[in-house]
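Enquirer: make a model of this:
(chains A, B, C and D)
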2 protein chains.
Amino acid sequence: MAALDVAPAARRGRPGYDQNSMLEVIVEVFVDRGYDASSLDTIAKRLGLSKSAVYHHFTSKAEMLEIALERVLGELERVFDDAEALDLPAVERIRRIISEAVLVACARQQYLVLLLRLHGNSDVELNAMARRRELTARLSRIFEAARAEGGARDDIDPALAARLTFGLVNSLVEWYRPDGPDEPAALADTVLAFVRSGMLAADGRGPR
Amino acid sequence: MAALDVAPAARRGRPGYDQNSMLEVIVEVFVDRGYDASSLDTIAKRLGLSKSAVYHHFTSKAEMLEIALERVLGELERVFDDAEALDLPAVERIRRIISEAVLVACARQQYLVLLLRLHGNSDVELNAMARRRELTARLSRIFEAARAEGGARDDIDPALAARLTFGLVNSLVEWYRPDGPDEPAALADTVLAFVRSGMLAADGRGPR
DNA sequence: GTCTATATTAGGATAGAC
DNA sequence: GTCTATCCTAATATAGAC
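Expert: As a prediction, this is how the structure comes out:
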């Protein structure tokens, strides 16, 4: 899994922003205040530029959103592509997807928040929401396969399992902080443990 | 050609809105488009009123948000008050809180979405976010007690357990539909099953 | 309680100089 | 690539008639 690295930092001074390094700052503003409440004035100030200078790099506010969403959606889709390419039991594919998705959630936290908070107020948003739904559908199909193979509990609907599982993973972005105490890899293990056997202690009657 | 008697009997199908019934519609708009992207013009149109008429019932857009947030926060706080008042093992209090919180999430879905999407752009938002954090802290303390009593797994930090559990419950609002196939009570059971013993099948080695 | 009309400000986006 | 100045629209909110 390559390329979870953060984009290269801005080149020393204020001048010489490229689109990538600007995007990091812009996404920060979007996440802080919400996309709709983020004015270009605020964005420009945070970048230390004028509004016009910002428009030299992006044709519109919507384009900023579009590029940011592409980044996280592309990575998540690749997680699925990779897992589905492997010849493994479905339950093992699920584990890999969850684990990798947690890592993406941590590495691209802000971009993921953006995706999760969309409302469908524009074509850009509607398009991204459709791609997000497709990811859930893919996970749902794998849960279905896992159930057929005896790897997932059969008393929970696969679609529901997929939604709850993504709900769990996605909830990380609410509180995860890159400079906090939680390591992404350890978080992935915790989430896996939760999905595998829940949060409460054994009661002596086995995992059901 | 004066249009003499255009004066409608003011029966637009919904005469006599009170604040409560207006709020239902307003929250719908807020959820649809996001609070910041919801204009009073849109709200007024959805209500079948003019903007001024809306201002007769609410002093500002922020007040609409404040009242809506109070509704869901009040109910969630009551869930905790009730559970904490009972003399029960902590793990049982957790079960009740989860179950009741799922019911609130379903019954007040739209109001909860509003709470979950706040950004802290105003005092109203900041205040509600603080109350939300306090709820998570309360759940964290009960997980701590459960662990001390041997009711929760000891390899997951109580604060993390609380956040993941709320993440799971809160994720319901993303897809739950009151007129859909899922019954709130059944959903509560599914979430409880997830929290108790995970999503995957037993592997013969017990719940850990 | 509801309307029309309007004040006022903020926001997205562009023009054109340097 | 960045700036200042500006256009135009839409947004919150108010005034005052009925």
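Enquirer: does residue A:125 touch residue A:65 like I think?
Expert: Yes: counting by C-beta atoms under 8 Å, residue A:125 does reach residue A:65; the two are 7.4 Å apart. To be clear about C-beta, it is placed using only N, CA and C from the backbone, and glycine gets the same treatment.
Enquirer: local confidence estimate at residue A:175?
Expert: Looking at residue A:175, its pLDDT stands at 95.
Enquirer: that one: how many residues sit nearby?
Expert: Counted with other C-beta atoms under 10 Å in any protein chain shown, the neighbours of residue A:175 add up to 16.
Enquirer: got it, and residue A:98?
Expert: 24.
Enquirer: chain center to the strand or helix carrying it: distance?
Expert: In this assignment (DSSP states H and E), residue A:98 forms part of helix A:90-107. Centre-to-centre, helix A:90-107 and its host chain are 11 Å apart (C-alpha atoms, centre = their mean, to the nearest Å).
Enquirer: so for it, what gets flagged as buried?
Expert: Under the neighbour-count criterion of 16 or more other C-beta atoms under 10 Å in any protein chain shown, helix A:90-107 has A:90-91, A:93-107 buried.
Enquirer: repeat that for stretch A:112-123.
Expert: Buried-residue list, stretch A:112-123, by 16+ other C-beta under 10 Å: A:112-119, A:121-122.
Enquirer: what's the helix holding residue A:98 packed up against?
Expert: Helix A:90-107 sits against helix A:61-85, helix A:123-148, helix A:158-171, helix A:184-197, with contacts defined as 3 or more C-beta pairs under 8 Å, 6 or more residues apart in numbering or on different chains; DSSP states H and E.
Enquirer: okay if I get these as CSV plus distance to residue B:69 and mean pLDDT?
Expert: Shown next, in CSV, are the helices and strands packed on helix A:90-107 (distance: least, C-beta to C-beta, whole Å; pLDDT from 0 to 100):
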stretch, distance to residue B:69, mean pLDDT
helix A:61-85, 26, 98
helix A:123-148, 24, 98
helix A:158-171, 20, 96
helix A:184-197, 29, 96
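Enquirer: out of these, nearest to DNA strand D?
Expert: Nearest of the helices and strands packed on helix A:90-107 to DNA strand D, taken as C-beta to the nearest atom of the strand: helix A:61-85 at 13.4 Å.
Enquirer: the closest one: which residues count as buried?
Expert: A:61, A:64-69, A:71-73, A:75-76, A:79-80, A:83.
Enquirer: that helix near DNA strand C anywhere?
Expert: Yes: applying C-beta under 7 Å from any atom of the strand, one finds helix A:61-85 touching DNA strand C at A:61-62.
Enquirer: what comes into contact with that helix?
Expert: Helix A:61-85 is contacted from outside by A:1, A:3-4, A:19, A:23, A:26-27, A:30, A:35, A:38, A:40, A:43, A:58, A:93, A:96-97, A:100-101, A:104, A:108, A:111-112, A:114-115, A:118, A:122, A:124-125, A:128, A:131-132, A:135, A:138-139, A:142, using C-beta atoms under 8 Å, 6 or more residues apart in numbering or on different chains.
Enquirer: show me the contacts for the most centrally placed residue in chain A.
Expert: The residue lying closest to the centre of chain A (C-alpha atoms, centre = their mean) is residue A:112, at 3.7 Å. Counting by C-beta under 8 Å, 6+ apart, residue A:112 touches A:72, A:104-105, A:170, A:173.
Enquirer: looking at these, which is nearest chain B?
Expert: Taking C-beta to the nearest C-beta as the measure, chain B lies nearest residue A:170 of those, at 6.7 Å.
Enquirer: for the closest one, which non-adjacent residue is closest in space?
Expert: residue A:116 (5.7 Å; C-beta to C-beta, 6 or more residues apart in numbering or on different chains).
Enquirer: let me know the pLDDT of that neighbour.
Expert: For residue A:116, the predicted pLDDT is 98.
Enquirer: domain map for chain A?
Expert: Here the domain assignment for chain A is A:18-58, A:68-197, based on automatic domain parsing.
Enquirer: now do the last one: distance to the chain's middle.
Expert: Put plainly, it is domain A:68-197. 7 Å.
Enquirer: same question, the shortest one
Expert: Distance, stretch centre to chain centre, for domain A:18-58: 21 Å (C-alpha atoms, centre = their mean).
Enquirer: follow-up on the earlier one: now narrow the contacts of helix A:61-85 to whatever sits close to DNA strand C.
Expert: A:38, A:40.
Enquirer: and the residue of chain A that's closest to DNA strand D?
Expert: For chain A, C-beta to the nearest atom of the strand, closest residue to DNA strand D: residue A:52, 2.8 Å.
Enquirer: pull the contacting residues for residue A:40.
Expert: Going by C-beta under 8 Å, 6+ apart, the list of residues near residue A:40 reads A:51, A:54-55, A:61.
Enquirer: mind putting the domains of chain A into TSV with distance to residue B:178?
Expert: Listed next are the domains of chain A as TSV, based on distance: least, C-beta to C-beta, whole Å:
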stretch	distance to residue B:178
domain A:18-58	26
domain A:68-197	16
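Enquirer: which residues of chain A lie near DNA strand C?
Expert: A:38-42, A:51-52, A:55, A:59-62.
Enquirer: in helices, which of those fall?
Expert: Counting by DSSP state H, the part of the residues of chain A next to DNA strand C found in helices is A:40-42, A:51-52, A:55, A:61-62.
Enquirer: farthest-apart pair in those, please.
Expert: A:52 and A:62 (17.6 Å; C-beta to C-beta).
Enquirer: between the two ends of stretch A:81-96, what distance do you get?
Expert: Stretch A:81-96 stretches 11 Å from its first residue to its last (C-alpha to C-alpha, to the nearest Å).
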